[in-house]
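Engineer: Okay, sequence plus prediction incoming.
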Amino acid sequence: MIISKEIIIKGLVQGVGFRPAIYRIAISHKLNGTVENNNSGVIINIEGDKKSVNKFINDIPNRIPIASNISSLEIIEKQIFGYNTFEIIKSSSKSNEITEVSPDIGVCNECLEDIKNQENRLDYPFTNCTNCGPRFTIIKDLPYDRPLTTMNVFPMCQSCKDEYSTILNRRFHAQPIACNNCGPRYTLHYQNEEIVDINSIVRSTCNILEDGGIVAIKGLGGYHLACNTFNERSIANLRLAKNREGKPFAIMFKDIDSAKEYLNINKQEERLLTSWRKPIVLLKIKKNISKNISIGLDTVGVMLPYMPLHHMIFNKLTVKSIVLTSGNISDEPVLISDKDALLVLGEISDAVISYNREIYNRTDDSVTKVINTIPRTIRRSRSYAPSPIETKLNTEGIFAAGAELVNCFAIGKGNQAIISQHIGDLKNLETLEFYEESINRFRKLFRFKPILAVMDMHPDYLSSRFVEKMNIPVVKVQHHHAHIASCMAEHGLDEKVIGISFDGTGLGDDGNIWGGEFFVCDLADYERFTQFEYIPQPGGDAVAKHPWRMMTSYLIKYFGEDITVKYPTIFDNIDKDELKTIQSIIAHNLNCPLSSSAGRLFDSVSALLGICPNSTYHAEAPMQLESMANENISGSYSYLFSDIISFKSTFAEIIEDLINNINIEDIAGKFHNTIVNVIVDTAEIILKKTGINKVVLSGGSFQNSILLEKAEILLAAKGFEYFTQSQIPSNDGGIALGQLTVAAKRRELKL
Ligand code: ZN
Ligand code: ZN
Ligand code: FE
């Protein structure tokens, strides 16, 4: 019996070789019909005998390309049309509904082979196919077709055209298809010369890197700065050039085997490193990684080559690893313009490698780590953005502005949240411009019409100010409620939960700085069950750069003004005049907002142990405290719980341990255990009061591996169901998703 069906597939189905894969499945079952892209996804018309059509449908999920992902598959019965062939038909842009935009995909093994063997692609560094290559970074509009990408200025040569139009070819409809005869090219700018021969470029680059030089290299989503991982002088020069005192650099290894020589890599970490997304993975250092790459940390961010040029450089390079850090100065967005790169990076590097294809959407390397065998996203950008998160709510028309630091914004389409690439800290003009430009591009690309905006309660955030200019209704969401809602959205939770949110800072609804919060909450609203005790934060936000100042405030609060006289050794390495100033600020309560921040608590302990009294980048003190901690120690300190959680006894016991010369590693380990106890004990108290058994953990402090791992294990042991973040950062990069979800829920409830 001949039947006819229409199949509508939504999800990540464009720009990933989806239609050719469907074609191949149809041909293998000898079926006729069509497949086409439109703005709402992929539409298949399929005709043939009933058994084969059913086999065809069953085959789809198993035979689609690696980077694709089906979010829905709808089947409609149709009248017999009488197709004689199976054909891929031209993209039509009909509706306003959009489909997903593919993230960029690391170069595949077949393409690497082609670079060695295929006549028109010998040593061609822009080789790609439907399974790999640039996507989001080059897309200007949908549907995803070459004229709407930055490949539009490269007319295909005849042989590329042939591959592009041969259905069984791996490059069939590969929009960025290119070869030596027709595609983009690299140029090396070196000593007033412009070198365009790729082999000379690779050779010169290797020479410069081996001689200790710095090379700026245009990547997929922005420029990188590269130097030899094993050359101390180069690393020092790079730090100087980037004006980066302490922030860690990421490194790239030639391959997984070389990485394993220097780093401890478990199965999950290996899977993440070698995945098509090729993120940076934070790994424990085994040996011989310079202390100056990740100062004071026991981990380093590692990635594997993902562009053909990376592979070509490593094939010639005598060292197995290079530093590959974003090409920018300080905290500005990574550079994407060739002109700026030559001007700015040319100044601080020995050579600049550019190429003549425009990067349209800027992305940074994504950063991940594995905790308790689960991948956790720390920075979500290249090869992750702009993949959406499915929510169970109607999110249509909601714009979520995100937070101030490590900002991402989000837009609501249907029941999806489309989260932007990592934008950065919204505190300089360049980042704000990137933010506004990206919002405009998302509006166009995703046919997004904002009707409701969500912002943080903090009126001074630049993201909040942006929202106020939009002239649409505005919803305000408390920062830590947004953290918890973000995690709930990731897990599809829509009920009352115990929400535990620890981070550096967020404005509370009482006007104080929050960050050590225990909520009983759902998506729409929250009740603050308890909190870390308020401590004056001398000098306001600036205290984050000077952990010793918060430490001083804790100690004065708990042990009085004469603490500096009683235990002078604690203040040994602190400038006495500065100490006096801070004491006076605290005594007179000048610019001392109250803070319950977990981040500031970790800062204070880090300073107290002499690990990081002053920090040069965000969260340096807690990260170094974590690195120092002996995670195998089982002891802990006491703390006090009445209505709130006080760490007076914790600090007293830590000082006692310091006096007794207990080693710093053990003290740091016991402090981590203490916070784990606080989490689990408090959850038990809330459970007793409310009967709620589901615990949601979110906030930047949960990027701490020891804290999260031990909290998960202990919560499970006590019978709690726990939920933590994986796909979406638990830091402020996840705030936009939480804001969007809260607004959608409140709209649904007409609150
Ligand atoms: Zn490929
Ligand atoms: Zn070509
Ligand atoms: Fe936060």
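Structural biologist: That came through, no problem. Residues are numbered from 1 along each chain as shown. Ligands and ions are numbered 1, 2, ... in the order given.

Engineer: Backbone dihedrals for Trp73, please?
Structural biologist: Careful, residue 73 is Leu and not Trp. Main-chain dihedrals, Leu73, degrees, to the nearest 10: phi -140, psi 110.

Engineer: Val196: what's its closest spatial neighbour, skipping adjacent residues?
Structural biologist: Thr187 (5.5 Å; Cβ to Cβ, 6 or more residues apart in numbering). Where C-beta positions appear, they are placed from N, C-alpha and C, glycine not excepted.

Engineer: What helices and strands are in contact with the strand or helix carrying the one you found?
Structural biologist: Element membership for Thr187, per DSSP states H and E: strand 186-190. If you count contacts as 3 or more Cβ pairs under 8 Å, 6 or more residues apart in numbering; DSSP states H and E, strand 186-190 packs onto strand 193-195, helix 198-210, strand 351-355.

Engineer: what's the distance between it and the middle of its chain?
Structural biologist: Centroid separation for strand 186-190 versus its chain: 30 Å, with Cα atoms, centre = their mean, to the nearest Å.

Engineer: contacts for that strand?
Structural biologist: 125, 194-196, 198, 200-201, 204-205, 208, 218, 309, 342, 346, 350-356 (Cβ atoms under 8 Å, 6 or more residues apart in numbering).

Engineer: got TSV for the helices and strands packed on strand 186-190, with mean neighbour count, mean pLDDT and distance to ligand 3 too?
Structural biologist: Compiled in TSV, the helices and strands packed on strand 186-190 are given as follows (neighbours: other Cβ atoms under 10 Å; pLDDT from 0 to 100; distance: least, Cβ to the ion, whole Å):
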stretch	mean neighbour count	mean pLDDT	distance to ligand 3
strand 193-195	13	96	46
helix 198-210	19	98	38
strand 351-355	23	98	37
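
Engineer: The ones you listed into JSON lines, with extra columns for distance to ligand 2?
Structural biologist: Formatted as JSON lines, the helices and strands packed on strand 186-190 follow (distance: least, Cβ to the ion, whole Å):
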{"stretch": "strand 193-195", "distance to ligand 2": "22"}
{"stretch": "helix 198-210", "distance to ligand 2": "15"}
{"stretch": "strand 351-355", "distance to ligand 2": "16"}
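
Engineer: Generate a markdown table for these, with distance to Asn237 as supplementary columns.
Structural biologist: As requested, the helices and strands packed on strand 186-190 are exported to a markdown table (distance: least, Cβ to Cβ, whole Å):
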| stretch | distance to Asn237 |
| --- | --- |
| strand 193-195 | 22 |
| helix 198-210 | 12 |
| strand 351-355 | 14 |
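
Engineer: Please list the residues of the stretch 501-650 of the chain that sit near ligand 3.
Structural biologist: Within the stretch 501-650 of the chain, the residues that sit near ligand 3 (Cβ under 5 Å from the ion) are Asp503, Gly506.

Engineer: residue boundaries of the strands in the stretch 501-650 of the chain?
Structural biologist: 513-521, 526-531, 535-536, 594-595, 640-641, 645-646 (DSSP state E, counting those that start in this stretch).

Engineer: Any chance of the ones you listed in JSON lines with mean neighbour count as columns?
Structural biologist: JSON lines is the format used below for the strands of the stretch 501-650 of the chain (neighbours: other Cβ atoms under 10 Å):
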{"stretch": "strand 513-521", "mean neighbour count": "26"}
{"stretch": "strand 526-531", "mean neighbour count": "19"}
{"stretch": "strand 535-536", "mean neighbour count": "22"}
{"stretch": "strand 594-595", "mean neighbour count": "22"}
{"stretch": "strand 640-641", "mean neighbour count": "12"}
{"stretch": "strand 645-646", "mean neighbour count": "19"}
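
Engineer: will you turn those strands into TSV that also has distance to ligand 2 and mean pLDDT?
Structural biologist: Shown next, in TSV, are the strands of the stretch 501-650 of the chain (distance: least, Cβ to the ion, whole Å; pLDDT from 0 to 100):
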stretch	distance to ligand 2	mean pLDDT
strand 513-521	55	98
strand 526-531	57	98
strand 535-536	64	98
strand 594-595	60	98
strand 640-641	69	96
strand 645-646	65	98
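
Engineer: Export these as JSON lines, with columns for distance to Ile472.
Structural biologist: As requested, those are exported to JSON lines (distance: least, Cβ to Cβ, whole Å):
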{"stretch": "strand 513-521", "distance to Ile472": "26"}
{"stretch": "strand 526-531", "distance to Ile472": "24"}
{"stretch": "strand 535-536", "distance to Ile472": "38"}
{"stretch": "strand 594-595", "distance to Ile472": "33"}
{"stretch": "strand 640-641", "distance to Ile472": "44"}
{"stretch": "strand 645-646", "distance to Ile472": "40"}
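
Engineer: and of these, who's closest to Ile285?
Structural biologist: strand 513-521 (29.5 Å; Cβ to Cβ).

Engineer: tell me the angle that closest one makes with strand 526-531.
Structural biologist: Using axes from the mean of the first three to the mean of the last three Cα atoms, to 10 degrees, the inter-axis angle of strand 513-521 relative to strand 526-531 is 120 degrees.

Engineer: helices or strands up against strand 513-521?
Structural biologist: Packing contacts for strand 513-521, counted by 3+ Cβ pairs under 8 Å, 6+ apart, involve helix 479-490, strand 497-507, strand 526-531, strand 594-595, helix 598-608, helix 664-690.

Engineer: how about a cut-off of 10 Å?
Structural biologist: If you count contacts as 3 or more Cβ pairs under 10 Å, 6 or more residues apart in numbering; DSSP states H and E, strand 513-521 packs onto helix 479-490, strand 497-507, strand 526-531, strand 594-595, helix 598-608, helix 664-690, strand 694-698.

Engineer: Find the one among the ones you listed with the highest mean neighbour count.
Structural biologist: Highest mean neighbour count of the helices and strands packed on strand 513-521: helix 479-490, a mean of 30 (counted as mean count of other Cβ atoms under 10 Å).

Engineer: domains of the chain?
Structural biologist: Using automatic domain parsing, the domain ranges for the chain come out as 2-88, 101-184, 186-355, 370-493+729-749, 535-723.

Engineer: Ile498 is nearest to which of the strands of the stretch 501-650 of the chain?
Structural biologist: Using Cβ to Cβ, the nearest of the strands of the stretch 501-650 of the chain to Ile498 is strand 513-521, at 6.4 Å.

Engineer: which one of the domains of the chain is the most hemmed in?
Structural biologist: Of all the domains of the chain, as judged by average neighbours under mean count of other Cβ under 10 Å, the leader is domain 370-493+729-749 with a mean of 22.

Engineer: Name the next helix or strand downstream of the worst-scoring helix or strand of the chain on mean pLDDT, please.
Structural biologist: Ranked by mean pLDDT, DSSP states H and E, the weakest helix or strand in the chain is strand 86-92, scoring a mean of 81. The first helix or strand that comes after strand 86-92 along the chain, using DSSP H and E, is helix 109-117.

Engineer: ok, and what's touching the least confident helix or strand of the chain?
Structural biologist: The contact list for strand 86-92, computed with Cβ atoms under 10 Å, 6 or more residues apart in numbering, reads 14, 19-20, 22-27, 29-39, 43-48, 142-145, 148, 165, 167, 172-173.

Engineer: now with 8 Å?
Structural biologist: Residues outside strand 86-92 that contact it (Cβ under 8 Å, 6+ apart): 19-20, 23, 26-27, 31-38, 143-145, 167, 172-173.
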